[in-house]
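In: just to be clear, the model below is a prediction. Sequence and coordinates:
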Amino acid sequence: MKSIIVNLSISTEEFQRLYEGSVKTVFAHSIDGRSIRFPAGILRPFVLHNGIRGTFQIDFDDDNRFQSIQRLA
């Protein structure tokens, strides 16, 4: 299984657009400089009153399909 670690800072307003469906994917850079695009919906469990902030590990299978996400910090 492959993993990538990203630091995210998404405001409440930005995530609202994701939640409403006008934006379906999130584009980010990993801490090692790689680019990643993933479904916005995987972040829903991590939404707080101030949006989404933190460091996350995203795991993918060998076909680059999403498997899991966990908040590291």
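Out: Looks like it arrived, so ask away. Numbering: from 1, shown residues only.

In: middle-most residue in this structure, spatially?
Out: residue 43 (5.5 Å; C-alpha atoms, centre = their mean).

In: beyond the worst-scoring helix or strand of the chain on mean pLDDT, next helix or strand please.
Out: Here the helix or strand of the chain ranked lowest by mean pLDDT, DSSP states H and E is helix 12-20, holding a mean of 79. Next along the chain after helix 12-20, taking DSSP states H and E as the criterion, comes strand 25-29.

In: now stretch 45-59: buried residues?
Out: Buried residues in stretch 45-59, counted by 16 or more other C-beta atoms under 10 Å: 46, 51-52, 56, 58. (Glycine included, C-beta is placed from N, CA and C.)

In: nope, stretch 6-16 is what I meant
Out: For stretch 6-16, burial by neighbour count (16+ other C-beta under 10 Å) applies to 6, 10, 15.

In: so where do the strands sit in the chain?
Out: 2-10, 25-29, 35-39, 52-60, 66-71 (DSSP state E).

In: any chance of CSV for the ones you listed, columns mean pLDDT?
Out: As requested, the strands of the chain are exported to CSV (pLDDT from 0 to 100):
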stretch, mean pLDDT
strand 2-10, 95
strand 25-29, 92
strand 35-39, 92
strand 52-60, 96
strand 66-71, 96
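
In: skipping adjacent residues, who's closest to residue 12 in space?
Out: Nearest in space to residue 12, with sequence neighbours left out and distances taken as C-beta to C-beta, 6 or more residues apart in numbering, is residue 51 at 4.5 Å.

In: I'd like the distance between the one you found and residue 8.
Out: 9 Å (C-beta to C-beta, to the nearest Å).

In: centroid-wise, who is the farthest residue in the chain?
Out: Furthest out from the centre of the chain (C-alpha atoms, centre = their mean) sits residue 62, at 18.8 Å.

In: residues in contact with it?
Out: Counting by C-beta atoms under 8 Å, 6 or more residues apart in numbering, residue 62 touches 1-2.

In: what's it sitting at in phi/psi?
Out: phi -70, psi -20 (degrees, to the nearest 10).
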